[in-house]
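Novice: Sequence and predicted structure below; questions after.
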Amino acid sequence: MTWDDIIPQAKTSDMAETDTLLMDEEIFAAFYHRTARAVWAYLARVSGNAALADDLLQESYLRFLCARRLKDDENACRSYLFRIATNLLRDHWRRPQTTALEEVPEAALIAADSRQSERIDSQALLGPAFARLGPRERQLLWLAYAEGCTHREIAQITGLGAASIRILLFRARGKMARLLRQQMLKPERKP
Amino acid sequence: MKLFFCSKQKEVTAALRQGRWPEECDRTLHAHVAVCQECKDLVLVAQALQQTRRETMQKPALAVSSATAAMLWWRSELRLRREAVERMTRPIAVTERFALIGMVIAVAGLAAWQWKQITDWLFSLTDLASTNTLYPNDPGALAFGMAGWLPVLLMAGLGTFVVVWGVAVFLLAERD
């Protein structure tokens, strides 16, 4: 018996096992339609890079499908998806070829973002205020107020202690509000 | 920073999440938000983020289509299949590595154990070459200097083989 004979058998048995665990392709398509834009918005706003958000969105769904967590309810699936996206963002920032985001001065970060092919419209509402926050602060604020996650969900997604979420959010919110007010007080630039 | 958690914060957060703020909230809550700095911050930040989320989700750049979902499904199946094959072949790879390490140890052990015989054999080759049996009437062959170089060439060949083999093993391990 050759390996070619053995491996297809293994694959068949494995796929049979997979079929019992995975959701139907149509159900996944519907889930994708409901969640993709929200996950993309999270990735794009937190990273400030639309191209990166595109890549990480695809990888998030691939990992989600391969993780076989699809028997969970919609909220759990959604939460798990955001957790994967958060981990991918963290992995991206930790990669050696790019300096960790925590170490980059915010001014440099804004300048780097502006060189991306498609820049997120940060001049819109949040303006440079959101870009001046740290990545963790951006994650926490987005999950709490844009996605409406509870403190427990945020803890699950970010891997932070549930008890610390309230304090971290309090500080991030205060900082953000201060930056937004400063932004509002600034006179608008003439074109 | 002084930590102050307002008792009305949950109520304001719920109103913001459910989209009830500001129209569907009672006057007392409005009056509270007007004087409470924490709730003011909460409303300002939450409204800005919610508005940005709405705008970002409407961006035409993001193509959420059935084709993308189908492609993701197909790619995940491929990845699952590849992972299954990798799981199946992992014991074989481990066995191969053990066999390789065992072979290296055996060769090194044999060389150490039979070192005297190996050196004797190498010197016998040197002697054989210096007798110049191939061209006994040509003294130029001796001048060629083959006699002294044969063991060195053999050792260099062996060294090259070991280096190439090591690089090949390293590249294989890196690929895995």
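Specialist: Yep, it's here. Numbers count the residues shown, from 1 in each chain, chains lettered A, B, ... in the order given.
Novice: only C-alpha atoms for contact and neighbour calcs from this point on.
Specialist: Will do.
Novice: got any ranges where chain B has weak pLDDT?
Specialist: Flagging of chain B using pLDDT under 70 yields the residue ranges B:1-4, B:60-63, B:125-150, B:175-176.
Novice: Domain parsing of it, as residue ranges.
Specialist: Following automatic domain parsing, chain B resolves into domains at B:9-57, B:89-175.
Novice: From one end of the shortest one to the other, what's the distance?
Specialist: If I follow you right, that is domain B:9-57. This stretch, domain B:9-57, spans 27 Å end to end (Cα to Cα, to the nearest Å).
Novice: Work out the gap between that domain and the centre of the chain.
Specialist: Computed by Cα atoms, centre = their mean, to the nearest Å, the separation of domain B:9-57 from the middle of its chain amounts to 46 Å.
Novice: any idea of the mean pLDDT for stretch A:25-38?
Specialist: Mean pLDDT, stretch A:25-38: 89.
Novice: tell me the secondary structure for residue B:25?
Specialist: Here residue B:25 is coil, with the state taken from DSSP: H, G, I helix; E, B strand; the rest coil.
Novice: The nearest residue to it once chain neighbours are set aside sits in which helix or strand?
Specialist: Excluding the flanking residues, the one nearest residue B:25 by Cα to Cα, 6 or more residues apart in numbering or on different chains is residue B:15, at 7.3 Å. If you go by DSSP states H and E, residue B:15 is part of helix B:9-17.
Novice: which secondary structure elements does the helix ranked longest in chain B contact?
Specialist: Secondary structure of chain B per DSSP state H: the longest helix is helix B:66-113. Helices and strands touching helix B:66-113, by 3 or more Cα pairs under 8 Å, 6 or more residues apart in numbering or on different chains; DSSP states H and E, are helix A:3-21, helix A:25-47, helix A:50-67.
Novice: One more pass at 10 Å, please.
Specialist: Helices and strands touching helix B:66-113, as assessed by 3 or more Cα pairs under 10 Å, 6 or more residues apart in numbering or on different chains; DSSP states H and E, comprise helix A:3-21, helix A:25-47, helix A:50-67, helix B:115-130, helix B:146-175.
Novice: wait, isn't residue A:183 in contact with residue A:128?
Specialist: Yes - with contact defined as Cα atoms under 10 Å, residue A:183 and residue A:128 form a contacting pair (8.1 Å).
Novice: Now do the longest helix of chain B and helix A:50-67, the angle between them.
Specialist: Interaxial angle, helix B:66-113 versus helix A:50-67 (axes from the mean of the first three to the mean of the last three Cα atoms, to 10 degrees): 70 degrees.
Novice: which residues of chain A score low on pLDDT?
Specialist: Scanning chain A for pLDDT under 70 picks out A:1-23, A:69-71, A:96-125, A:127, A:186-191.
Novice: picking that back up, I'd like the helices and strands packed on helix B:66-113 as CSV, with mean neighbour count and distance to residue B:49 appended.
Specialist: Below are those laid out as CSV (neighbours: other Cα atoms under 10 Å in any protein chain shown; distance: least, Cα to Cα, whole Å):
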stretch, mean neighbour count, distance to residue B:49
helix A:3-21, 13, 37
helix A:25-47, 20, 10
helix A:50-67, 19, 17
helix B:115-130, 14, 77
helix B:146-175, 12, 44
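Novice: Output those in a markdown table, with distance to residue B:38 appended to each entry.
Specialist: Listed next are those as a markdown table, based on distance: least, Cα to Cα, whole Å:
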| stretch | distance to residue B:38 |
| --- | --- |
| helix A:3-21 | 46 |
| helix A:25-47 | 24 |
| helix A:50-67 | 32 |
| helix B:115-130 | 83 |
| helix B:146-175 | 54 |
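Novice: Would you mind putting the domains of chain B into a markdown table with distance to residue A:93 alongside?
Specialist: Output for these, formatted as a markdown table (distance: least, Cα to Cα, whole Å):
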| stretch | distance to residue A:93 |
| --- | --- |
| domain B:9-57 | 22 |
| domain B:89-175 | 24 |
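Novice: Let me see the contact set for residue A:55.
Specialist: By Cα atoms under 10 Å, 6 or more residues apart in numbering or on different chains, residue A:55 lies in contact with A:40, A:43.
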